[in-house]
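Participant: here is a sequence with its predicted model. Questions after.
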Protein chains: 2
Amino acid sequence: MSSFLPTEQRLAVTRRRHPAFPRGPAVLVRLIKHLHKRIHDDANTALKAFGLNHPQYNLLMMLYGTADHALHPSQLAEAAGEKAANITRLTDELCEKGLIERAASADDRRKLVLTLTPAGLDLIEQLLPSICDLLEEQTQGMSAREQAELERLLKKFLDGFDRRG
Amino acid sequence: MSSFLPTEQRLAVTRRRHPAFPRGPAVLVRLIKHLHKRIHDDANTALKAFGLNHPQYNLLMMLYGTADHALHPSQLAEAAGEKAANITRLTDELCEKGLIERAASADDRRKLVLTLTPAGLDLIEQLLPSICDLLEEQTQGMSAREQAELERLLKKFLDGFDRRG
DNA sequence: GGGTTTTACTTCATAAATGTAATATAGCTG
DNA sequence: CAGCTATATTACATTTATGAAGTAAAACCC
């Protein structure tokens, strides 16, 4: 409540001046913004010890979460919500560190296959305990039931965007 | 559900490989990330017609939501979640456009006072209808009751970060 | 099968956004 | 007054986004 109170006060003033301003949706949007910032900052701090930034970590986790630890760059872009040009740059960096490998695809030679190397797998296993702790800490204020309900509602929120296109 | 399904599948694989990985919290974090991206992109698209980007709009709305349409740069930084250096640059841009004004503070000569100009106020009144529509559209999939519950849970989520410091 | 169109990825150039560190000035404290 | 803190700016470095153009392979189509 504390860090968000000023935001609510400003929204109240805004509504007084422009009554059509929808308070509820605006609060939701600003809460998402605040949460995103905090999550992002925390993650970057935790990852610094492992020589990674948040986007790089995300890419590694997308590969880790795939059946054979392998994805095409375009799939990875879709999975991580990054543009194709960014994927090239980010995967370049991960290749230089020896965490992933690029190889030509067997079935379609336009494509590449990005795969976690043993070193990449090692690094993930090393950093996962820290990340697990962080995630637990960040959510420890909520009961399991509340987390489940929050998940349900956030998905519904996101659905609205999918429908809009 | 649709755009988020692959993410859930990847989390399932991740959990199989690292059972300690907390699924619930991880889903929440990724949902926040997806939502933030969609919100940010939508807002930027809507604001382009008014010659503003999302950060600039945010600053204007922080001033609009303040009793006398005036804030010190440090207050604005806190309100908008931006670094001080960013505020200088962003307010430079807004000054050049004639939307806000800088003036020396009477009580503390280290400080400046940033104030909405009549032109800034006009622009806000012009763009608010579009923004209101956007906010309504983005949340129309949820009932008022669900929005209220989502707001409550997001605040609780954010509280966890405030406690961590 | 030869020509065209799509698709996948990279490259490059450029711009926009953001972060970091040092600086100048003003206020505060003992 | 001396030393410390707070405010805002500046210059610099880094990161990220955007878009155009290039390369190569696959798919399509008559």
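Facilitator: Sure thing, it's come through.
Participant: C-alpha from now on. contacts and neighbour counts both.
Facilitator: OK.
Participant: what sits against residue A:27?
Facilitator: By Cα atoms under 8 Å, 6 or more residues apart in numbering or on different chains, the residues touching residue A:27 are A:8, A:11, B:151.
Participant: same question, residue A:39
Facilitator: Per Cα under 8 Å, 6+ apart, neighbours of residue A:39: residue B:29.
Participant: how far away is it from residue B:64?
Facilitator: Taken as Cα to Cα, to the nearest Å, the spacing of residue A:39 relative to residue B:64 amounts to 28 Å.
Participant: next one: residue A:93
Facilitator: 43 Å.
Participant: ok, now residue A:95?
Facilitator: Distance from residue A:95 to residue B:64, counting by Cα to Cα: 48 Å.
Participant: for chain A, longest helix please?
Facilitator: As assigned by DSSP state H, the longest helix anywhere in chain A is helix A:23-48.
Participant: list the buried residues in it.
Facilitator: Buried positions in helix A:23-48, judged by neighbour count with 16 or more other Cα atoms under 10 Å in any protein chain shown: A:23-39, A:42-44, A:46-47.
Participant: now do that helix, average pLDDT.
Facilitator: With pLDDT averaged residue by residue, helix A:23-48 scores 91.
Participant: got the angle for the following helix or strand past that helix vs helix A:23-48?
Facilitator: Using DSSP states H and E, the helix or strand that follows helix A:23-48 towards the C-terminus is helix A:54-64. With axes from the mean of the first three to the mean of the last three Cα atoms, to 10 degrees as the basis, helix A:54-64 and helix A:23-48 are set at 80 degrees to each other.
Participant: ok, and what's touching helix A:54-64?
Facilitator: Applying Cα under 8 Å, 6+ apart, the contact partners of helix A:54-64 are A:40, A:43-44, A:47, A:69-71, A:76, A:79-80, A:90, A:94, A:115-116, A:120-121, A:124, B:10, B:13-14.
Participant: let's see it at 6 Å
Facilitator: Helix A:54-64 is contacted from outside by A:44, A:69-70, using Cα atoms under 6 Å, 6 or more residues apart in numbering or on different chains.
Participant: with those residues in mind, which one is nearest to DNA strand D?
Facilitator: residue A:44 (9.5 Å; Cα to the nearest atom of the strand).
Participant: mind checking which of residue A:93 and residue B:64 has more residues around it?
Facilitator: Legend: neighbour count by other Cα atoms under 10 Å in any protein chain shown for residue A:93 and residue B:64, higher for residue B:64 (23 against 14).
Participant: how about the helix or strand hosting residue A:150: buried residues?
Facilitator: Assigned by DSSP H and E, residue A:150 belongs to helix A:144-164. For helix A:144-164, a neighbour-count test (16+ other Cα under 10 Å) marks A:147-148, A:150-151, A:153-161 as buried.
Participant: check stretch A:73-83 too.
Facilitator: Going by neighbour count (16+ other Cα under 10 Å), the buried part of stretch A:73-83 is A:73-74, A:76-77, A:79-81.
Participant: could you dump it to CSV, C-alpha only?
Facilitator: Provided in CSV are the C-alpha atoms of stretch A:73-83 (Å, rounded to 0.1, in the frame of the first residue of the first chain):
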residue,chain,number,x,y,z
PRO,A,73,15.9,-18.2,-33.5
SER,A,74,12.4,-17.2,-34.7
GLN,A,75,10.9,-19.5,-32.1
LEU,A,76,13.1,-18.0,-29.5
ALA,A,77,12.1,-14.5,-30.5
GLU,A,78,8.4,-15.4,-30.2
ALA,A,79,9.0,-17.1,-26.8
ALA,A,80,11.0,-14.3,-25.3
GLY,A,81,9.0,-11.4,-26.9
GLU,A,82,12.1,-10.0,-28.6
LYS,A,83,12.5,-8.7,-32.1
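Participant: among the buried residues of stretch A:73-83, which lie within strands?
Facilitator: Mapping those onto strands (DSSP state E) picks out no residues; all lie outside.
Participant: would you mind measuring from residue A:45 to residue A:53?
Facilitator: The gap separating residue A:45 from residue A:53 is 9 Å, by Cα to Cα.
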